[in-house]
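Colleague: predicted model and sequence below, questions to follow.
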Amino acid sequence: MNRRSCDRSVANPNNVGPGPGRCQNRRVDSSDKLTLAIATMSFLISVIGTILANIRSKEARDDARAARSDAYWSSAIEAAQRFIGFDPSAKEVTDELLNLRVSHAELVDAIDWPELGPWLEVERALCLGFGREVMDIGVPNPTVDQKLAQLHNASDWAQKLVSNLRMFRRRAYKEAKPELIKLREAHRTQASALYEKYGWEKPPNFDKL
């Protein structure tokens with residue numbers, strides 16, 4: 001029923017067909033549908049807005065978490081770099097060892113990889129062993145070549161640790177896990193042989209690593 005038909009019905013009450021009440025009802029029904037459509041659209045927009053806000057919030061949290069994790073990796077790498085060329089027979093090593101331990105502990109807490117902690121403990125055992133080796137086998141007034149030879153094992157260990165830390169920083173846990181286990185086992189064997197070679201007592205809990 002168009003508007004003209006409704007006007008004729010009002011002008012001629014005897015006209016057979018829908019009366020003015022029916023036309024009014026139809027206009028009311030159309031208005032209700034429009035209101036419902038607007039309300040539905042508003043609801044959908046609100047839902048979509050909430051979803052997008054949650055996504056942006058999660059991305060922001062992930063970015064912040066990644067930034068913190070990267071900072072801990074960098075701290076551990078920097079601590080290891082201090083041992084490249086470091087001569088424990090010429091300088092007190094306490095600060096370097098403490099910094100290495102702290103940076104490793106913070107990294108383990110931040111990353112939460114189960115295999116990371118045991119591997120780093122083995123690396124610190126190697127660090128202690130190579131440092132002690134430098135002091136025990138050192139000769140008085142060494143030549144440059146002799147000094148380089150004395151520091152070779154410790155510096156080589158530090159360079160490999162830095163390289164491995166950089167590698168793991170770029171990898172996901174599932175990819176890193178097999179390599180962490182492999183390194184821990186290999187370096188544990190190496191550290192055990194070093195301590196046994198000189199008859200040194202192994203670090204606490206070493207046999208449980």
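Modeller: Looks like it arrived, so ask away. Note that the coordinates shown come from a computational prediction; the quantities given were computed from them, not determined experimentally. Residues are numbered from 1 along each chain as shown.

Colleague: quick one: low-confidence residue ranges for this protein.
Modeller: For the chain, the stretches flagged by pLDDT under 70 are 1-29, 52-67.

Colleague: show me the helices in it, by range?
Modeller: 3-11, 20-81, 94-111, 116-137, 144-169, 173-198 (DSSP state H).

Colleague: in TSV: these, plus distance to Pro204.
Modeller: C-beta here means a position set from N, CA and C on the backbone, and glycine is covered the same way. Output for these, formatted as TSV (distance: least, Cβ to Cβ, whole Å):
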stretch	distance to Pro204
helix 3-11	94
helix 20-81	21
helix 94-111	13
helix 116-137	10
helix 144-169	20
helix 173-198	13
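
Colleague: deepest in the core, which of the ones you listed is it.
Modeller: Highest mean neighbour count of these: helix 116-137, a mean of 20 (counted as mean count of other Cβ atoms under 10 Å).

Colleague: next, the angle from that one to helix 94-111.
Modeller: 170 degrees (axes from the mean of the first three to the mean of the last three Cα atoms, to 10 degrees).

Colleague: show me what helix 116-137 is in contact with.
Modeller: The contact list for helix 116-137 (Cβ atoms under 8 Å, 6 or more residues apart in numbering) reads 76, 83, 87-89, 93, 97, 100-101, 104, 107-108, 150-151, 153-154, 157-158, 161, 168, 180-181, 183-184, 187-188, 190-191, 194-195, 198, 200, 202-203, 205-206, 209.

Colleague: now do Ile84 against Phe43, distance only.
Modeller: From Ile84 across to Phe43, the span is 62 Å (Cβ to Cβ, to the nearest Å).

Colleague: same question for Pro114.
Modeller: Pro114 sits 45 Å away from Phe43 when distances are taken as Cβ to Cβ.

Colleague: ok, Lys208 - how many residues close by?
Modeller: The tally of other residues near Lys208 (other Cβ atoms under 10 Å) stands at 7.
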